[in-house]
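Peer 1: build me a structure from this.
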Amino acid sequence: MTATRTAKSDVGKPRLLVWFAILMFSSVGMILFNKLAMHSFRFPLSLLFFQNGLSCVLNIAAMHAGLLDGGNAFRAKEARHFVVPALLFAIMLGASLKALPLVTVTSVIVFKNGSTILVAIGDMLVFRQRFHRHAYFGLAIMLCGAVVYGLGDHRYDATGYAWLTLNMVANAVLNIYERYAVVNSGTSPAVCSTYINALSLPFVAAAAVYQQETIDVFTQLAATTITMRACIFVTGCLGFSISLAYVTLFTITSATSIVVASNVNKIVSMALGFLIFRNIPTSQGVVGIVACLYGAWLFATSKKKKVDADNGGSGSETAADDDGGGDVLLERQGLLQSKGVGEDIDIDEMDGGERANRDPAAVDAV
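Peer 2: Below you'll find the predicted structure:
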């Protein structure tokens, strides 16, 4: 633990700032570029197929280049454990892309907090996990904030909220299922990400055929501007850059610092959403947003308080960092990003997707 703390403290500030900037650009850009793309290119499943396929290619290239740990070789016997996560992953991201044209960026972030609440409930019911009392207080504040925001959302859309609810539930179930059935496989995060992205492709393709997207998708793509095609391509690259940023940051800084960055990214996403899409919330909505962000912060930082109490104040910082980083690798954010829904990181849940290329490094994305 001491060695870990020393290694992290030796990292220069310029390098940290560069990687935090990459993380901010990638996570904020994923939401905004996806929303822009879905306003002009109304083929969400086809877009998702492209994004997941490109993530596979970039993951494999990064493993060969030594940027990501390739771990064990790909094996068919091992891949079968990722079929259910891949299905949940496809549902999660597909629902996110369906919702984006109908709801505001702020609504997406508020629902991400709802996913945090569901994951916490799952931790208590499935894994018998106990939290510090501040965590329960934070969850209660998040729930109240979400209700207040929803009641004051003047851009409310029933269909959009339904898709966000499906995304929220799929994300929570995915996080819980992965920790229960997948993370003990010993597979490296990058390989896990590649399995899930690759195995999601048949599900996404089948859904696209069922929705008859394949009939006009290429005609529509040809009719879009060069700028919009570039926007679509960028969405495929941002998921990978989120992955790489998270994996790098977890090796050079603390989980608490990443929590702070995550909350800053949420604020930046909402601010840019206001400016670009002119989605200004009501005063009641602002109260709900602030409550959600404050509750998420309480819940995230309570993990360290719990470790402090368990260790009597000894070695708590490193323990908290290590535990938080491990969880992140288990959930929606590290390598498995929430594509479009933005990241939802906290020390205990380190979401999510968007769409990170979920690393049992995390999966926070959508």
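Peer 1: which strand or helix spans Asp69?
Peer 2: Using DSSP states H and E, Asp69 is not contained in any helix or strand.
Peer 1: going forward, the N-terminal residue is numbered 49.
Peer 2: With the count now opening at 49, the last piece we talked about shows up as Asp117.
Peer 1: from Val295, how far out is it?
Peer 2: Distance, Asp117 to Val295, by C-beta to C-beta, to the nearest Å: 8 Å. Glycine gets a C-beta too; all of them are placed from N, C-alpha and C.
Peer 1: what residues are shared contacts of those two?
Peer 2: Between them, Asp117 and Val295 share these contacting residues under C-beta atoms under 8 Å, 6 or more residues apart in numbering: Pro237.
Peer 1: more crowded one of the two?
Peer 2: With neighbours defined as other C-beta atoms under 10 Å, Asp117 and Val295 compare such that Val295 has more, 25 against 13.
Peer 1: can you confirm the more buried one is in a helix?
Peer 2: Yes. Val295: assigned to a helix according to DSSP: H, G, I helix; E, B strand; the rest coil.
Peer 1: distance-wise, check it relative to Phe73.
Peer 2: Taken as C-beta to C-beta, the span from Val295 to Phe73 is 16 Å.
Peer 1: same question for Thr330.
Peer 2: Thr330 is 29 Å from Phe73, where distance means C-beta to C-beta.
Peer 1: so what does whichever helix or strand Ile79 is part of touch, helix or strand wise?
Peer 2: Per DSSP H and E, Ile79 falls inside helix 61-88. Packed against helix 61-88 by the contact rule (3 or more C-beta pairs under 8 Å, 6 or more residues apart in numbering; DSSP states H and E) you find helix 92-113, helix 131-147, helix 153-174, helix 274-300, helix 303-325.
Peer 1: helix 92-113 and the shortest one, what's the angle between them?
Peer 2: In terms of direction (axes from the mean of the first three to the mean of the last three C-alpha atoms, to 10 degrees), helix 131-147 departs from helix 92-113 by 130 degrees.
Peer 1: so Met111 makes contact with Gly118?
Peer 2: Yes. Using C-beta atoms under 8 Å, Met111 is in contact with Gly118, at 3.7 Å.
Peer 1: common neighbours of these two, please.
Peer 2: With C-beta under 8 Å, 6+ apart, Met111 and Gly118 have common neighbours 238-239.
Peer 1: okay, and for the protein, where does confidence drop off?
Peer 2: For the chain, the stretches flagged by pLDDT under 70 are 49-60, 119-121, 228-235, 303-304, 351-414.
Peer 1: circling back to that earlier point, any chance of the helices and strands packed on helix 61-88 in TSV, plus distance to Asn215?
Peer 2: Rendered in TSV, the data for the helices and strands packed on helix 61-88 read as follows (distance: least, C-beta to C-beta, whole Å):
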stretch	distance to Asn215
helix 92-113	12
helix 131-147	4
helix 153-174	7
helix 274-300	16
helix 303-325	16
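Peer 1: pick the most buried one from those helices.
Peer 2: Comparing the helices and strands packed on helix 61-88 by mean neighbour count (mean count of other C-beta atoms under 10 Å), helix 131-147 comes out on top with a mean of 26.
Peer 1: so how far is that helix from its chain's centroid?
Peer 2: 12 Å (C-alpha atoms, centre = their mean, to the nearest Å).
Peer 1: give me the helices and strands touching it, please.
Peer 2: By 3+ C-beta pairs under 8 Å, 6+ apart, helix 131-147 packs against helix 61-88, helix 92-113, helix 206-225, helix 237-258.
Peer 1: the third one packs against which elements?
Peer 2: Think helix 206-225. Packing partners of helix 206-225 (3+ C-beta pairs under 8 Å, 6+ apart): helix 131-147, helix 153-174.
Peer 1: relative orientation of that helix and helix 92-113 in degrees?
Peer 2: Counting by the same axes, to 10 degrees, helix 206-225 lies at 30 degrees to helix 92-113.
Peer 1: may I see the buried residues of helix 206-225?
Peer 2: Buried residues in helix 206-225, counted by 16 or more other C-beta atoms under 10 Å: 208-209, 211-212, 214-224.
Peer 1: nearest residue to Gly186 other than its sequence neighbours?
Peer 2: Nearest non-adjacent residue to Gly186, counting by C-beta to C-beta, 6 or more residues apart in numbering: Leu346, 3.1 Å away.
Peer 1: for that neighbour, give me its contacts.
Peer 2: 182-183, 185-186, 189.
Peer 1: so who does the nearest residue to Val217 once chain neighbours are set aside touch?
Peer 2: Leaving aside its sequence neighbours, Val217 sits nearest to Leu166 (C-beta to C-beta, 6+ apart; 6.8 Å). By C-beta under 8 Å, 6+ apart, the contact set of Leu166 is 216-217, 220.
Peer 1: how near is Leu166 to Ile79?
Peer 2: Taken as C-beta to C-beta, the span from Leu166 to Ile79 is 20 Å.
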